[in-house]
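**Student:** 3D model of this:
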Amino acid sequence: MNTVVVGVQWGDEGKGKIIDLLAETADVIIRYQGGNNAGHTVVVDGEEFIFHLIPSGILHPGKLCVIGNGVVVDPAALLDEIEHLRAKGVTVGDNLVVSDQAHVILPYHKVLDKLQDARSGRLGTTGRGIGPCYVDKMARCGIRLADLFDPASFERKLRSNLDEKNWLLQHFYHVEPVAWETTYPRYLDYGRLLKPYAGSVATLLHEAMGQQQSLLFEGAQGTMLDIDHGTYPYVTSSSATVGGACIGTGVPPKQLDRIIGVVKAYTTRVGEGPLPTEFPPDRMEVFRQRGKEFGATTGRPRRCGWFDAVVARHAARLNGLDELAVTKLDVLDGMARLKICVAYRIHGTILHEFPADIEALNRCEPIYEELDGWRDSTSHVTSYDGLPSAARQYLRRIAELVNVPITLVSIGVQRRQAFRVTINAHAA
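**Tutor:** Have a look, this model is predicted:
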């Protein structure tokens, strides 16, 4: 069975932990989009592992981990991640394959990312060069990993790009140019170090499927940050929805069997852009501290709000979700009352669907449904029946509103703090 795991909100839903759990029964784990602007955190036996490019399945011996062509790769970041994992005793070698078609982030991408974000009024990018690298990919002037293996080809492409980028940096932004003398040899060296990992991902995955191996696709960010379907322009630069799994790997849609959406028991987002259910500052800080809501990649504090069923239902339709995994339910422990946003109101008009107009979304007033909270801790619970009755009702209501069954609940950061459930989408 081939499974895709996607984020249902604005990223940071806890996909890394869910992928880590599912990787136990998968043969190949594939990252299909984004770059090192993403961060997946997995805690195993008290030790924390933070992933930016490498699939978290690398923690499971005997699994093959793949970085697809839809990912943009910062060679220095990838090599650092490999060494960091090795230092923690994780094997990284033949069990990692990187697409030779993946586009490479170069120094001018990072410089332009920060300059363009500042000039635009701060969309809230990570400054890692992700967006400008995807721009070059679409403009057909990008440099791919395979180019680093051919010094003459790489020299020709890099010189052409530097001519254009440095003119822009010097004459429009009035900053120092990117130096050829340091960039060219350094990236040739990166190519030499990464060549042992490079391969044709599409070929590899089709061969694996021919051998009846199961594939697990992991996306970065979340549906509401998708370049086409998210809260544009406050989005990422790639397809974070399920379609990205096909585009970013070369696996056709008919080969995808199961689509799991990961959703927090409340809502968060990093950076700028609308967040209809956003908390006031005092409650925001409570959630940040209890949920450790700080970015795994940048450390930026996340904005927090009540669970938004309009967003989750929208994401469920876009991705064709078969199942939901709900994370961080334990963060709601001890709260007397909880809210779920069931619709929006704009100038007296009630909306049950997510609006495409970003200005309309900024004017949305959330319509809430209130539910009883629970006093008891859930962090030790090992089954659905062990949850407080109010927590069970909260989960049932999410399944109803999103119209997708819940099959997995996470109640802490540890690998063992999760359990399987069957909560029907039409529960009474």
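**Student:** Just the buried positions in stretch 217-234, please.
**Tutor:** 217-227, 229-231, 234 (16 or more other CB atoms under 10 Å). Glycine gets a C-beta too; all of them are placed from N, C-alpha and C.
**Student:** And those residues, which is closest to Leu85?
**Tutor:** Glu218 (16.1 Å; CB to CB).
**Student:** secondary structure class for the nearest residue to the closest one once chain neighbours are set aside?
**Tutor:** Computed as CB to CB, 6 or more residues apart in numbering, the closest residue to Glu218 that is not its neighbour in sequence is Ile19, at 4.7 Å. Secondary structure, DSSP: H, G, I helix; E, B strand; the rest coil: Ile19 is helix.
**Student:** unless I'm mixing things up, Ile19 is touching Pro55, no?
**Tutor:** Yes: taking contacts as CB atoms under 8 Å, Ile19 lies within contact range of Pro55: 7.0 Å.
**Student:** Quickly find the element holding Gly392.
**Tutor:** Let me fix one detail, which is that residue 392 is Arg and not Gly. helix 389-402 (DSSP states H and E).
**Student:** and if you look at Arg420?
**Tutor:** Counting by DSSP H and E, Arg420 is part of strand 418-423.
**Student:** Just checking: what are the partner strands of that strand?
**Tutor:** Strand 418-423 has the following sheet partners, assigned by DSSP bridges: strand 406-410 (antiparallel).
**Student:** ok, residues contacting the strand it pairs with?
**Tutor:** 14, 17-18, 21, 260, 323-329, 384, 387, 395, 398-399, 417-423 (CB atoms under 8 Å, 6 or more residues apart in numbering).
**Student:** Show me just the buried residues among the residues you listed.
**Tutor:** Using 16+ other CB under 10 Å, the buried ones in the contacts of strand 406-410 are 14, 17-18, 21, 260, 323-329, 384, 387, 395, 398-399, 417-418, 421, 423.
**Student:** sorry, back to before: could you check the distance from the residue nearest to Glu218 over to Ala316?
**Tutor:** 19 Å (CB to CB, to the nearest Å).
**Student:** between those two, which one's more packed in?
**Tutor:** Neighbour count, other CB atoms under 10 Å: between Ile19 and Ala316, Ile19 has more, with 27 against 23.
**Student:** Next up, the contacts around the more buried one.
**Tutor:** Val5, Ile29, His40, Pro55, Ser56, Gly57, Leu216, Glu218.
**Student:** Need the worst-confidence member of these.
**Tutor:** Lowest-confidence member of the contacts of Ile19: His40, scoring 73 (pLDDT).
**Student:** Hmm, that one is touching Phe51, no?
**Tutor:** Yes: assessed by CB under 8 Å, His40 is found in contact with Phe51 at 4.4 Å.
**Student:** Pull up the overlap in contacts between these two.
**Tutor:** Gly16.
**Student:** so where's the stretch 151-300 of the chain shaky on pLDDT?
**Tutor:** 296-298 (pLDDT under 70).
**Student:** all strands for it, in order.
**Tutor:** Using DSSP state E, counting those that start in this stretch, the strands of the stretch 151-300 of the chain run over 198-199, 215-218, 258-264, 267-269.
**Student:** Any idea how far the second one is from the middle of the chain?
**Tutor:** Read that as strand 215-218. 13 Å (CA atoms, centre = their mean, to the nearest Å).
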